[in-house]
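Trainee: This is a predicted model, with the sequence first.
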Amino acid sequence: MNQVDAFPPLMTVDDAAALLRTTRKGIYNMNDRGVLPGVIRIGKRLLFDRDQLVQWLRQKIASSPKE
C-alpha cells in the first residue's frame, strides 16, 4: 500500500489539504479559483475524487521546469 492509498476514494477538505500539504483555507481558495479537479459538491460539503487529484498533482510535477 502506498501513501496515496491511505486516503479514501472520496476525500474531505482535510484529506485534500493533507495530500497537497496545504491548509483547509488553501483548499477552499484553490476550489474558489477553479484550480482543483475532481470536486464533488454535496450541498455545502466539498469532496474530492482522490484519483483525479493525484493525477492532476502528477501532471503539475511533470510539467515543472527543471533547475
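Mentor: All right, it came through fine. What you see is a predicted model, and the numbers here were worked out from it, not measured in a lab.
Trainee: okay, and the helix or strand of the chain with the least pLDDT?
Mentor: helix 50-62 (a mean of 92; mean pLDDT, DSSP states H and E).
Trainee: mind listing what's buried in that helix?
Mentor: For helix 50-62, the neighbour count (16 or more other C-beta atoms under 10 Å) marks 50, 53-54, 56 as buried. Heads up, the C-betas are built off the backbone N, CA and C, glycines and all.
Trainee: And the strands in this structure?
Mentor: 10-11, 39-42, 45-49 (DSSP state E).
Trainee: Present those strands as JSON lines; the columns should include mean neighbour count and distance to residue 19.
Mentor: JSON lines is the format used below for the strands of the chain (neighbours: other C-beta atoms under 10 Å; distance: least, C-beta to C-beta, whole Å):
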{"stretch": "strand 10-11", "mean neighbour count": "18", "distance to residue 19": "7"}
{"stretch": "strand 39-42", "mean neighbour count": "12", "distance to residue 19": "14"}
{"stretch": "strand 45-49", "mean neighbour count": "18", "distance to residue 19": "8"}
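Trainee: Can you add mean pLDDT and distance to residue 31 and give these back as TSV?
Mentor: As requested, the strands of the chain are exported to TSV (pLDDT from 0 to 100; distance: least, C-beta to C-beta, whole Å):
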stretch	mean pLDDT	distance to residue 31
strand 10-11	97	12
strand 39-42	96	6
strand 45-49	97	6
